[in-house]
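Asker: quick one, fold the following:
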Amino acid sequence: MCPDNTHAKKQYLNPGNDIHYPGQTNHDACFIPESVRQYADEPLYIIVAHWCLLQQNWVQRNQIAEAFHITARRASYLIAYLRSKTSRVVSICRHQTLPNKARRYEIYVIRVLDSPTPSTRREKAGPPLVSKRRVGNGDRSMANELWNRLCSNRNAGKILKKKEDEDDGT
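Answerer: This is a model prediction of the structure:
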């Protein structure tokens, strides 16, 4: 660990701050447009989803990059994340194939769902039920005993084969 505090999450300096500091230390800070500053405590992809929702049109990575002062590559990652996060963001995605066979995605955000409150989240169930079809349901002591029997008798495979041959012959 570093002795200094260079990798700690940066805090907001004042409530009207327009810079978003992500929770992950390997991500850079970015600008938050004024129209979505009320969502500053949300993750960046949710802030971007709210911004896309306000656009009421198809949004490309360059528009996101320009609005949030981030690189086009990072904006592409955000679009991909929005496409996959269907639990919080309802969106439609389309792509345009460029002459070099690359695909440029555009996203149209229809709705951004609220984050589930702690009371609406499902509580963890008790221990999982034992399945008869899944590997690993045996008792550890029984598995150890079986393993030790197999290890102690090097000819176990030959003995089993002889028994099968005898059963087939009778």
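Asker: okay, CA-based contacts and neighbour counts for the rest of this
Answerer: Fine.
Asker: isn't Leu78 up against Ile46?
Answerer: No - under the criterion of CA atoms under 8 Å, Leu78 is not in contact with Ile46, lying 9.6 Å apart.
Asker: which one of the two has more residues nearby?
Answerer: Using other CA atoms under 10 Å as the criterion, Leu78 and Ile46 rank with Ile46 on top: 24 against 20.
Asker: list the contacts of Arg88.
Answerer: By CA atoms under 8 Å, 6 or more residues apart in numbering, the contact list for Arg88 reads 112-115.
Asker: and which of those is nearest Leu98?
Answerer: Ranking the contacts of Arg88 by separation from Leu98, with CA to CA as the measure, puts Val112 on top at 29.7 Å.
Asker: filter the contacts of Arg88 down to the buried ones, PyMOL style.
Answerer: Here is the PyMOL command that selects only those of those that count as buried (16 or more other CA atoms under 10 Å):
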select buried, resi 112
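Asker: now, the contacts of Arg88 that are in helices?
Answerer: Judged by DSSP state H, the contacts of Arg88 include no members of helices.
Asker: and which of the contacts of Arg88 is nearest Val59?
Answerer: Ranking the contacts of Arg88 by separation from Val59, with CA to CA as the measure, puts Val112 on top at 15.2 Å.
Asker: now that closest one: closest residue in space, sequence neighbours ignored.
Answerer: Val89 (4.7 Å; CA to CA, 6 or more residues apart in numbering).
Asker: surely that neighbour and Asp114 touch.
Answerer: No - proximity of Val89 to Asp114 does not meet the contact threshold set by CA under 8 Å, at 9.2 Å.
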